[in-house]
Every structure is written in C-alpha cells, then in structure tokens.
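Enquirer: following is a predicted model, sequence given first.
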There are 2 protein chains.
Amino acid sequence: MKFGGTSVADPEKIQRAADRAIAERRRGRGVVVVVSAPGEMTDELLNLAERVCPEPAERELDQLISTGEQVGISLFSMACIAKGAPAISLTGPQAGIEAGGDYTRAQIVRIRPGKIIKEIKAGKIVAVAGFQGAMTAGEVATLGRGGSDLTAVALACALKSKTCEIFSDVKGVYTADPRIVFEAKKLSKISFKEMLELAGAGAQVMQARSLEVASEYGIRIHVRSAFHPQAGTWIVPRENNHMLEKAQVSALALDKNEVRLSVVDVPDRPGVAAEILSVLASQAIPVDMIIQSAPTHSGVNAISFMTPRSFAAKAKEALASAAKRLKARVDIHEHVAKISAVGTGFRHHPEVAARMFETLAANKINIHMIVASDLRISCIVDAKHGETALRALHRAYGLGRKK
Amino acid sequence: MKFGGTSVADPEKIQRAADRAIAERRRGRGVVVVVSAPGEMTDELLNLAERVCPEPAERELDQLISTGEQVGISLFSMACIAKGAPAISLTGPQAGIEAGGDYTRAQIVRIRPGKIIKEIKAGKIVAVAGFQGAMTAGEVATLGRGGSDLTAVALACALKSKTCEIFSDVKGVYTADPRIVFEAKKLSKISFKEMLELAGAGAQVMQARSLEVASEYGIRIHVRSAFHPQAGTWIVPRENNHMLEKAQVSALALDKNEVRLSVVDVPDRPGVAAEILSVLASQAIPVDMIIQSAPTHSGVNAISFMTPRSFAAKAKEALASAAKRLKARVDIHEHVAKISAVGTGFRHHPEVAARMFETLAANKINIHMIVASDLRISCIVDAKHGETALRALHRAYGLGRKK
C-alpha cells in the first residue's frame, strides 16, 4: 500500500490511512506501507534550502528532504501502534533499499528485503519511507519526484507481492479530468500501455517509470482514493486479443503544462533533425510530438516539438547555438494545450483520428500539430480551447456515464 | 562549535552561524559544528506526534524528532558550501556516535570518530546532528532535552579538542538574569563547580550532564552569543588556591519552575526519610533541598523538598501511598521561588549566608526553607517576592557593573 502526501497531510488523515492498513493486516495479509512526506513538507524543505542558498549541494539537499518521508513513516507507525497494531517504521536505508546514480535523482539498484520480511513475520505493519534509498556508507539519496510510487512498485517486486495499491486524493483513472468534464466516468480497469500513454499525455495519476516496472514484473496496480472505501481503477496487463478487438478510446487527457518549440528555417539536408534532437538529449530535456514539416520551395523546413513548461528556457538556450550554426531561428509558443485520446487499435481504425479532427473542426478549433500512434492521438490547439475541446471529444467518443 | 535551536532558527541565522564556522576554519583550525533542530521544529514535531496519539511509541518518536537536527545540519552544510567552504553534514549514526539505554533518553556509549576525522583532514567543516546517536542496526535514538550540548562535549573529548564553544541567544553567564537585574554583569569566567550549582539553581545556560563530562575530561567551554562577536563566559576548572581564597559570590539565580512538596506528620523514627526518598528515586523524580524539620512534641515531623513543576503531579502521586502507610499527609506549595547565591568558600564564611538572610529580612521577605553548602545558599520564598529578592541580593553582594 502506498499513501501519497495528500493522504497523510495531517494527523487525522494519518489515522485514516493507518486504519486501512490495519484492516488489511486483520484480513491476514502481510502489509508493507510506503508513506510519502506529509502534505507540503517536501516543498517547505525545498523552500528553506533555497532561502539558504540558490543552488544547494545535492548530497545535502537529499540529507534535508529525505526527512519528510521519515516524518511520514514515524507518524504512521505511531498511529498503528496506538490503535493496537504492532508496527515499525523503516527509512529507505533501514529497509535495505540500495540506490545508485546521482543524488536528487538516484535509481533503486537493489532491495535487500531481509529486515522487512523479518518484521512482517513478527506480525508488524512495516512503514517504509518512499522516495529514498541508501548510497554507500549510510548516505541517503532521493529518487526524484514521484519516487514514492517507484518505491512501492519495487518493494512489491522484491517481496513477490502480486498487487500494489496506490492511495491518493483521486478515486481512480477517469475517461477525462472530472473537474473539467462533468460526465467523466471512472474506469474499472485500464492496461499498462494505455496508462503509460495517458501519463505521457499529461495525466498525473502515477509516475511513468513505476508503471513500466510494474508492467515488466507483472504487478497489478490498484489506483484508489485514500478517503473513500470504493474500489478505484486496476492497471493490468493488456488482454491478448487485441488483433480481434475493435478500436476503442479509453480516456482523454488535456495537458497545459507543455510549450511548443519550433526551429524554423532549417536547411533541408540529412542529419539536421538528429543534430537538433541530440542537443536536447544531451541536456536530458523531455520531448514529445516531434514533427518535421515538409520543405518549402526555398529548401528550408521547420522542426517542432513539445516540452514541459519547466524545461522551456533550458531547451531554448540549448537550441540557440545549434540554430545559429544552421542559420535557423527558435520560436516558442507558450499558450498551447495538448489534447489526447488514448486507447487501442487506432492504427487500423483511422475513423478514430478522423472523428477527433471533425469534432475540433465543428467547434472551430484550429489544430497546430498532430501526432498519432496505435495507442494515442494527440493534437495541439490554442490553450484557450483546451477545455471546450476536451468536453466535445468526450461526447463525440461516447465516454460519458450512462444516463 | 555548537549552535542551539535559536541560533539556526531561520535561513538568515543559519548563514550567520556558517560564517562563524568558516571564519574559524580559515584561521587554520579543524572545525566540527554540532547543530540543533532549527527554532521550534522539535516542539512542532512533538505536537504532531501528540495529535496522532497521546503516548507515541518511543522508538518511533525518536525516528520522528531526530529529523529536526537532520534538517539543521543539512541546511548548515549547504550554507557553508554555497559560501565556498567545503562541508558535509553527518547524522548521529553517520558520525559514529553510538548510543545505548532507552529511546528518547539514550546515553552516548562510544564515539568512533573515524569518519569525522577523515572529513576534517579532507578540509571540510563537519556539521554533526546534535541530540542523537545510533542504536544497533541503524536505529536512531535521541539523548533527551539538552542533548546537543552533550553531543558537543562528547565530540570534543573524542576528537581531543581542548575547547568547545556553545553558541546560543545568551551572551554568557551573568551575575543574575539581566532581564530582571538591570545592572547584572557578564562573568568572563566561572568554574565548573559553580556552573553546576547555578544549573542546579535553575540557570538554563547549559545541560548539567555536559558540564560534568567537560569537567571530567578537562575541556574548556566557552558560552557565547551566536549574534554578537564579543567573547562570552569561559567555564574552566577551578584554580587550586581555594584554601586561601576568601568567600566570593559569583552569581545569583532565581528559579520559579519548582514547587515545594511536604510530607507532613510523618512518625519520627529511623528509615522514614529513606522510605520517602526511595519512592521518588524509583520514579526518577529530581529533588533539591531536602529538609527534615525537628520533631514536634507529639513525635511527628515534616519532610520537605523541591521538585520541578513538570514532575509535581507525578511526585505527589508517588508519595500518596507511602504517606498513607505512614499516616502522613502530602502538601504541595505551588507559588514559591528558589533564590540562590553561588560561589566558593561559603562554609568558612557564614557572613555570606547571614547577608542573604539580613537582606531578605530588610525587604520583609519571609523565608520558607534554607539549604546551604560550600558552593551554594538557596532560600525558598513566596513566588511574588522572587524578583525583589534577586535585585536586593545583587546589590547587597556588590555584583553590579562598576559605574
């Protein structure tokens, strides 16, 4: 079981999370709970660090922010014990989670679950700090944002658990963001592939890397609300009959956290796209929807892509020198939205894409860019049209709740 | 160097503390800095724990509150690094501080300073978390309130340092609390024995256990302000000429945090005082100024003592059954103050005690209890007279600043 920051944001919520773990334990199951830092604690610690110095040393930053999860697990464990359920909290290093790579974005290298197994066998609920692991010699490193999901999935693997429940403030995966689309419907299940596409399309349900690991090791994930008892959405392997199945749109996503970058007037010769993308790759800048337009008569063309808003400045700077060499220009478009339909079988059913384009046209929404694969169709539109487009498409694909 | 919680209460203060450590380092000295939890962080964490459950499991409580110092050291270390001085933060376990005994009140059992020495030799300022150490297998335990002083002194021993500087929000040791006695004077030095008496008399400059350890290992302590450059007060071994020296009052202390407990109408026979005190000792209740009155004609007498206000209820409860057995009664006096003169040579100079009694009498202040030793004379008076008594005695002993 993994409880995110909002699920343990205050003592009352910690009590409720503890109740759920205790209920599972009393059903006779061994329970390991991954706990995040309560509420805004990580951001508060980052803010403190920034006030001390603008670019803190990374090892020290990890020493600092790893305390957030330590606070979470100890409070959670206290709550269990006070309710009569034996429990113990373990930091990442105490739990045998070994990390490698760089501080602030370490990877889990290995888990030695001996201590956890011993405590489970002793009948205890084991609360493990998410988002952290041990480097050499007792140093602590963090795994980067969303790392608590990864801790949960990696522990499920190491402990040979078949399921991993992710508790948060959302009730599951919806056909579209229910805050925007009133009739959006909760899905009872979705495949890993679709979920990965949704994550790529901007749905912030679970960290993508965790989904990949769970998929690879065959762990079923249950995304559900920490505050309601109802089942959420199961993320499961895709059934093996997709050659037969008809095209199906499972869900829509709207992402306004990306910007469109274009390198304009680049010469139309081999290697140019590679040059531009290798510049971005070398700086670890995420890109989506790379599109090269057809060359104009004057023999130049444009390469466009989407990148998260937080990387925009870095990407623009990285491209500046490449653009200079190519005598090209870098344009940035800030006010755009990416709207995506995620599902299966799109390749053999062009009517799915056609319906998207028709629907947007009928609503007089201009499309700047299109990318389509078998699992996802994404369009870039003006940011101001994002919500209208989402509602119209949700109706057009018939995703709403039955009346 | 040890910085208390108020000295690192916010990012600006952390910067200033770092500046002082860097200045020492640039004078060519190896610097180890013990850092407390910033500001009120420990109390905030304790409050969170209390909201989760009234009596938290002690191991989990230590897992929780040890994060406060971890936040302190990592911020401190970042500040040094940002200012160009290499630094590293080490938690108690990382620093090789081994603890034993019970969680929440552990003792330092041993320090293995290898890691610290290695980092000093690498030219780094080493920031060590106060108030904590490692139990077996990577568990963390706290040393109890004031434990950061103990960490500092114990590290000074282990590292064979001759001095230990304690930075806080007070400028040093004064002849009396300068908030009450305007003309109180900062002492340039004071002996360990006097300082221990002052601590026993309620002056909250340093934890008593730390003073004992420093005294035993010959470490000179410099108590000084974190916010002002001036020297503070050196706590040093007593010079060996006290047979010759005349009686001298070094400082006065006023303590309103104790209550007076009396067991009244106890039978006047051997073993009664021992019975009462062993009840208190078994519950680890601190006592001061134990006095047994002369028996009355009816063959009963009273045993009175002082105990900290926070122990009053526990002490009263512990005494209730003993009192019942002895057919005695337990009285509690809440509104009392203990006023003490600390110095040397009082045994051979009864005029020091006489002056205290005269001065109080001249101010029409009634004395409830008196205890005198060679190093301290304490009187219990009504709480409302405490400040008047302190000012009057400060004048009577001529402790004020020269005009």
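Expert: Noted; the coordinates are in hand. Residues are numbered from 1 along each chain as shown, chains lettered A, B, ... in the order given.

Enquirer: gap between the closest residue to residue A:169 other than its chain neighbours and chain B?
Expert: For residue A:169, ignoring the flanking residues on the chain, the nearest one in space by Cβ to Cβ, 6 or more residues apart in numbering or on different chains is residue A:6 at 4.4 Å. C-beta coordinates here come from the backbone N, C-alpha and C atoms, glycine included. As judged by Cβ to the nearest Cβ, to the nearest Å, residue A:6 and chain B stand 16 Å apart.

Enquirer: helix, strand or coil for residue A:6?
Expert: helix (DSSP: H, G, I helix; E, B strand; the rest coil).

Enquirer: may I have the residues that are in contact with the closest residue in space to residue A:250 that isn't next to it in sequence?
Expert: In this structure, residue A:250 finds its nearest non-sequential neighbour in residue A:343, 4.6 Å apart by Cβ to Cβ, 6+ apart. Counting by Cβ atoms under 8 Å, 6 or more residues apart in numbering or on different chains, residue A:343 makes contact with A:194, A:247, A:248, A:249, A:250, A:251, A:352, A:375, A:376.

Enquirer: ok, now with 10 Å
Expert: Residue A:343 sits next to A:190-191, A:193-194, A:197-198, A:247-252, A:349, A:352, A:374-377, A:397 when contact means Cβ atoms under 10 Å, 6 or more residues apart in numbering or on different chains.

Enquirer: ok, residue A:221 touching residue A:196?
Expert: No: taking contacts as Cβ atoms under 10 Å, residue A:221 lies outside contact range of residue A:196: 11.8 Å.

Enquirer: shared neighbours of those two, anything?
Expert: A:206, A:211, A:215, A:235.

Enquirer: I'd say the first one and residue A:223 touch.
Expert: Yes: between residue A:206 and residue A:223 there is a contact under Cβ under 10 Å: 6.5 Å.

Enquirer: got any residues that touch both of the two?
Expert: A:2, A:149, A:166, A:168, A:173, A:195, A:235.

Enquirer: can you list the residues of the stretch 101-250 of chain A near chain B?
Expert: The stretch 101-250 of chain A comes close to chain B at residues A:115, A:127, A:129, A:134, A:137, A:138, A:139, A:140, as judged by Cβ under 10 Å from any Cβ of the partner chain.

Enquirer: 8 Å instead?
Expert: Contacts of the stretch 101-250 of chain A with chain B, taken as Cβ under 8 Å from any Cβ of the partner chain, map to A:115, A:138, A:139.

Enquirer: residues making contact with the helix or strand hosting residue A:215?
Expert: Using DSSP states H and E, residue A:215 maps to helix A:208-217. When contacts are defined by Cβ under 8 Å, 6+ apart, helix A:208-217 is touched by residues A:146, A:149-150, A:152-154, A:156-157, A:164, A:192-193, A:195-196, A:199-200, A:219-221, A:235, A:237.

Enquirer: buried ones among those?
Expert: Buried members of the contacts of helix A:208-217, counted by 16 or more other Cβ atoms under 10 Å in any protein chain shown: A:146, A:149-150, A:152-154, A:156-157, A:164, A:192-193, A:195-196, A:199-200, A:219-221, A:235.

Enquirer: which of those residues fall in helices?
Expert: Judged by DSSP state H, the buried ones among the contacts of helix A:208-217 include A:149-150, A:152-154, A:156-157, A:192-193, A:195-196, A:199-200 as members of helices.
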